[in-house]
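Participant: Here's a sequence, model it:
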Amino acid sequence: MILVLRALGVGDLVTAVPALRALRAAYPSRELALAAPAWLAPLVDLVGGVDRLVDTAGLDRPIGVGAAPQVAVNLHGRGPQSHRLLAATRPGRLLAFANPEAGHTDGPRWSADEHEVDRWCRLLSWYDIAADRADLDLRRPGAAGLPTGVTVLHPGSKVPAKRWPAERFAALARTLGEQGHRVLLTGSADERALAGRVAEAAGLPSDAVLAGRTDLGALAALVAHARLVVSGDTGVAHLATAYGTASVVLFGPVRPAHWGPPPDRPRHRVLWAGDGDWPRWDGVGSHPTMVALRLDEVLAAVAEVERLVRVSGAVAA
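Facilitator: Residues are numbered from 1 along each chain as shown. Prediction:
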């Protein structure tokens, strides 16, 4: 058995897809078990190649994997806690970044300044496992009765600092609606109230609010068959990248060079205000780098990605 640890969220799983597929190719006859939260199961199915999902939410409990794995792979972090959690399964071999504190001196050094996709591909390369950083596509699910060709706005984030102000999302929704977009608002159950406020301010009907009403599989299908996605740096943005759905991603305070759509995927635009001399942030609400992003900038980016979609469609035809 090959045991892989990635006990994080949607974007974390999607950025690890090239590494997971590389491990599948490197060990074609071994069971591949992924230690990740059980609620990610619909998305794991869309990745493919994973034989078993071991419910692992965080690093505070042992991984209930049963027999000791032949190889354990840390795609979770730099250690030491994640290293020790995998070491406790008594693997024959541990593939991980070097961390002397965890007693693991093998592996490459961790670098804070690299894209998340590249980080895990580089780790595997150290162990002579080739990974294709461009292998990010997920299996495209059927629409299954969900609306298609819609524009998905995702105003929430589990990190409040990474949220674009709700009133600007409302203005964006109103303007896009006037331009002929069918706008739907997504989010978690905890973000339903936020999405409702945006819908009300934008003059959208209540059935435009899908936040808290879609499971992860339905959300992936909605994004896969959408016209456009506009969101902050969150899981929905990574789904849009994986499906080639036109998207505009609003970044701040995290650098897009670390988590943004790869440059070889042209249907995506990133907006980021940069590392400037920002006002002191009091830790409440949106970070100043998000507040700095203007509505007209977002609308211009939407127009640009929609033009690229039209041009690429014409070339393909």
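
Participant: SS state for the closest residue in space to Cys121 that isn't next to it in sequence?
Facilitator: Nearest residue to Cys121, sequence neighbours excluded (CB to CB, 6 or more residues apart in numbering): Ala131, at 4.0 Å. Quick note: C-beta positions are derived from backbone N, CA and C, even for glycine. At Ala131, secondary structure determined by DSSP: H, G, I helix; E, B strand; the rest coil is coil.

Participant: Please report the number of neighbouring residues for Ala131.
Facilitator: Per other CB atoms under 10 Å, the neighbour tally for Ala131 reads 23.

Participant: residue ranges with poor pLDDT in this structure?
Facilitator: Counting by pLDDT under 70, the ranges of the chain that qualify are 279, 282, 313-317.

Participant: quick one: Val248 is in a strand?
Facilitator: Yes. Assessed by three-state DSSP, Val248 belongs to a strand.

Participant: so who does it touch?
Facilitator: Leu228, Val229, Val230, His268, Arg269, Val270, Leu271, Val298, Ala301, Val302, Val305 (CB atoms under 8 Å, 6 or more residues apart in numbering).

Participant: Export those residues to CSV and append columns for neighbour count and distance to Asp277.
Facilitator: What follows is the contacts of Val248, written out as CSV (neighbours: other CB atoms under 10 Å; distance: CB to CB, whole Å):
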residue, neighbour count, distance to Asp277
Leu228, 22, 33
Val229, 26, 31
Val230, 30, 27
His268, 22, 28
Arg269, 22, 25
Val270, 18, 21
Leu271, 20, 19
Val298, 22, 23
Ala301, 20, 24
Val302, 22, 29
Val305, 20, 30
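
Participant: So which of the residues you listed belong to helices?
Facilitator: Of the contacts of Val248, the ones assigned to helices by DSSP state H are Val298, Ala301, Val302, Val305.

Participant: Would you check that the second one makes contact with Leu271?
Facilitator: Read it as Ala301. Yes. Contact criterion CB atoms under 8 Å: Ala301 and Leu271 qualify, at 5.9 Å.

Participant: Quick check: closest non-adjacent residue to Gly149.
Facilitator: Nearest to Gly149 is Arg227, by CB to CB, 6+ apart, at 5.0 Å.

Participant: what's the answer for Val230, then?
Facilitator: Residue nearest to Val230 in three dimensions, not counting chain neighbours: Val248, with 4.8 Å by CB to CB, 6+ apart.

Participant: measure the one you found to Val152 for me?
Facilitator: 11 Å (CB to CB, to the nearest Å).

Participant: Domains in this protein, by residue range?
Facilitator: Residue ranges for the domains of the chain, per automatic domain parsing: 2-126, 151-316.
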